[in-house]
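Asker: When you get a sec, could you give me coordinates for this:
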Amino acid sequence: MSQSISIIGGGPAGLIAAQRLAEAGRRVTVYDRMPTVGRKFLMAGRGGLNLTHSEPLDRFVTRYGAAQGWIEPLIRAFAPDDLQAWSHNLGVPTFVGSSGRVFPQSLKASPLLRAWLGRLAQLGVEIHTRHDWIGLTDDRRPMLRGPEGEFEAQADATILALGGASWPRLGGDGGWAPILATRGVDIAPLLPANAGVEIAWSPHLRDRFAGAPLKRIALTFAGRTVRGEALIAATGLEGGAVYALGPGLREAIARDGGAMLTLDLRPDMKTAEIADRLDRTGSSDSAPNRLRRALSLTGPAYSLLREGFPPEALAAPEALAAAIKAIPLRITGLRPLDRAISTAGGIRLDALTPSLELKALPGVSACGEMLDWEAPTGGYLLQGCFATGVAAARGLLGHA
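Answerer: Numbering: from 1, shown residues only. The predicted structure follows:
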């Protein structure tokens, strides 16, 4: 009789583990607490599903920060090219966008998920929704609560793929952390990753410009500068440029109670060039008009400058130019975990074997956002989930 595997969690990590195990002839059952699987996967694709990134692999693996040392071999074993090939094999071609990000041809997550679930059904994978994982028995079998009550899943091994704690309405609420901690699993605190920063905007800026995009900007924190885009929110700033600075900001906020971020509205121009353009507009113009005529800075630009500087500091071209290059923004906090895109923290590396089995719970493995790693948006999050799911499956198959 073939080995029976229970997988708890129907996100990308759990489903790819299920596929790999079923392809190897194992009997696989997936349990998920939500009415349907892949809900966060679908949410990630709402604006265009960014599967992975096309940059050179040696650079790609550096995006995992402190976790690079242990996650790099897993990424190399299931690399961005492998993820694209997997999608193509499901009949969903991909393309590389101008930013280097990789998307399904349709840009949507739903066709890919439908094709994937169809493949899993062909492989005999059983999927049971509306089933909450409530713990493990003394002999480490999963306990679940389904529509008909509590029961013990009969499995030879278990893979936990319960996700992090961000966007709990999509399924993952981090409730697994205290359960595993009581069983001796070492877990780093779950914290917001790829989260917006909180700024106490003036009522004028908040009420007038919440929702306004900031394009082609640069943000600097602690000597690191990131170019990209952001979005003014009523609570502060959101967007990729903000998220990329997240780990350092999170550490500073925890240590100091806040942090100072610097915004450059024209990173492609030097201060002297900006001052020269402003000087040529004439001193009789108002500052907002000078910004518009000289630099095509409209919308919230002047209001942002006023957040950091008094009007008299913005009068002379040289001073205004310097301000445009370095608007100070006082960060009071990060958005809470339930509003973050992803989760930092989780099961620590020293609690896992190389095959992602829990040392304290033989026969139980873990993958995906449950593990202690984080990455920026841009395809790195999904790639990490897929790669760790594949690694967990390989571990059970004896190929770790």
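Asker: Apart from its neighbours in sequence, what residue is nearest Gly10?
Answerer: Nearest in space to Gly10, with sequence neighbours left out and distances taken as Cβ to Cβ, 6 or more residues apart in numbering, is Val37 at 3.0 Å. Placement of C-beta: from N, CA and C, glycine included.
Asker: In terms of helix, strand or coil, where does that neighbour fall?
Answerer: Secondary structure state of Val37, per DSSP: H, G, I helix; E, B strand; the rest coil, is coil.
Asker: what number of residues lie near it?
Answerer: Residue neighbour count, defined by other Cβ atoms under 10 Å, stands at 27 for Val37.
Asker: Could you pull up the contacting residues of Gly299?
Answerer: Residues near Gly299 by Cβ atoms under 8 Å, 6 or more residues apart in numbering: 209, 212.
Asker: shouldn't the residue nearest to Gly10 be in contact with Arg114?
Answerer: No. Counting by Cβ atoms under 8 Å, Val37 does not reach Arg114; the two are 11.4 Å apart.
Asker: So which residue is dead centre in this protein?
Answerer: With distances taken as Cα atoms, centre = their mean, the residue of the chain nearest its centroid is Ser342 (4.2 Å).
Asker: how close does it sit to Ser166?
Answerer: Ser342 sits 6 Å away from Ser166, going by Cβ to Cβ, to the nearest Å.
Asker: Find residues that contact each of those two.
Answerer: Counting by Cβ under 8 Å, 6+ apart, the residues touching both Ser342 and Ser166 are Ala193.
Asker: quick one on the thing from earlier: now the residue nearest to the centre of the chain, which residues is it bridged with?
Answerer: Beta-bridge pairing of Ser342 under DSSP bridges involves Ala193.
Asker: Glu369 is in contact with that one, correct?
Answerer: Yes. Using Cβ under 8 Å, Ser342 makes contact with Glu369 at a distance of 6.4 Å.
Asker: residues near Ala241, how many?
Answerer: For Ala241, the number of neighbouring residues by other Cβ under 10 Å comes to 21.
Asker: Oops, could you answer that again for Glu148 instead?
Answerer: The tally of other residues near Glu148 (other Cβ under 10 Å) stands at 6.
Asker: Arg33 looks like it's in a helix, true?
Answerer: No. Under three-state DSSP, Arg33 sits outside any helix and is assigned coil.
Asker: hang on, the earlier thing: what does the model give the residue nearest to Gly10 for pLDDT?
Answerer: pLDDT recorded at Val37 is 97.
Asker: where does the stretch 201-350 of the chain dip in pLDDT?
Answerer: Along the stretch 201-350 of the chain, segments meeting pLDDT under 70 span 283.
Asker: So Thr225 sits against Leu219, correct?
Answerer: Yes. With contact defined as Cβ under 8 Å, Thr225 reaches Leu219; the gap is 7.1 Å.
Asker: any shared contact partners between the two?
Answerer: The contact lists of Thr225 and Leu219 share Asp264, where a contact means Cβ under 8 Å, 6+ apart.
Asker: For these two, indicate the residue with more neighbours.
Answerer: A count of neighbours by other Cβ under 10 Å puts Leu219 above the other of Thr225 and Leu219, at 26 against 14.
Asker: For the helix or strand that one falls within, buried residues please.
Answerer: Per DSSP states H and E: Leu219 is located in strand 213-221. Using 16 or more other Cβ atoms under 10 Å as the test for burial, strand 213-221 gives 214, 217-221.
Asker: How about the contacts made by the residue nearest to the centre of the chain?
Answerer: Applying Cβ under 8 Å, 6+ apart to Ser342 gives the contacts 164, 166, 193-194, 369, 374-375, 381.
Asker: Check the gap between it and Pro300 for me.
Answerer: Using Cβ to Cβ, we find Ser342 at a distance of 27 Å from Pro300.
Asker: what does Arg63 give?
Answerer: For Arg63, the distance to Pro300 (Cβ to Cβ) stands at 30 Å.
Asker: Just want to check the distance between Asp207 and Ala234.
Answerer: 8 Å.
Asker: Quick one: residues contacting the residue nearest to Gly10.
Answerer: Per Cβ under 8 Å, 6+ apart, neighbours of Val37: 10-11, 15, 30, 117, 127, 129.
Asker: where do the helices sit along the stretch 201-350 of the chain?
Answerer: For the stretch 201-350 of the chain, the helices defined by DSSP state H, counting those that start in this stretch cover 203-209, 240-243, 246-256, 271-279, 287-295, 301-308, 317-325.
Asker: Just say which of those is most tucked in.
Answerer: Most buried of the helices of the stretch 201-350 of the chain by mean neighbour count (mean count of other Cβ atoms under 10 Å) is helix 240-243; its value is a mean of 23.
Asker: How far does that one sit from its chain's centre?
Answerer: Distance of helix 240-243 from the chain centroid (Cα atoms, centre = their mean, to the nearest Å) equals 11 Å.
Asker: still on that earlier bit, can you tell me which of the contacts of Ser342 are in helices?
Answerer: Among these, the residues falling in helices (DSSP state H) are Leu381.
Asker: Present the contacts of Ser342 as CSV; the columns should include neighbour count.
Answerer: Formatted as CSV, these follow (neighbours: other Cβ atoms under 10 Å):
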residue, neighbour count
Gly164, 31
Ser166, 27
Ala193, 26
Asn194, 25
Glu369, 32
Glu374, 27
Ala375, 25
Leu381, 25
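Asker: Let me know the closest of the contacts of Ser342 to Arg306.
Answerer: Asn194 (29.0 Å; Cβ to Cβ).
Asker: Leaving out sequence neighbours, find the closest residue to the closest one.
Answerer: Ile341 (3.7 Å).
Asker: ok, the one you found - contacts?
Answerer: 166-167, 193-195, 243, 377, 381.
Asker: Arg141 too?
Answerer: Applying Cβ under 8 Å, 6+ apart, we find Arg141 in contact with 6, 152-155, 158.
Asker: swap in His204?
Answerer: Ser303.
Asker: ok, back up a step: Gln105: which of the helices of the stretch 201-350 of the chain is closest?
Answerer: Taking the helices of the stretch 201-350 of the chain one by one with Cβ to Cβ, helix 240-243 is closest: 22.8 Å.
Asker: quick one: contacts of that closest one?
Answerer: Under Cβ under 8 Å, 6+ apart, the answer for helix 240-243 is 193-197, 217-219, 226-230, 341, 376-378.
Asker: per-domain residue ranges of the chain.
Answerer: Domain assignment for the chain by automatic domain parsing gives 4-193+340-397, 197-334.
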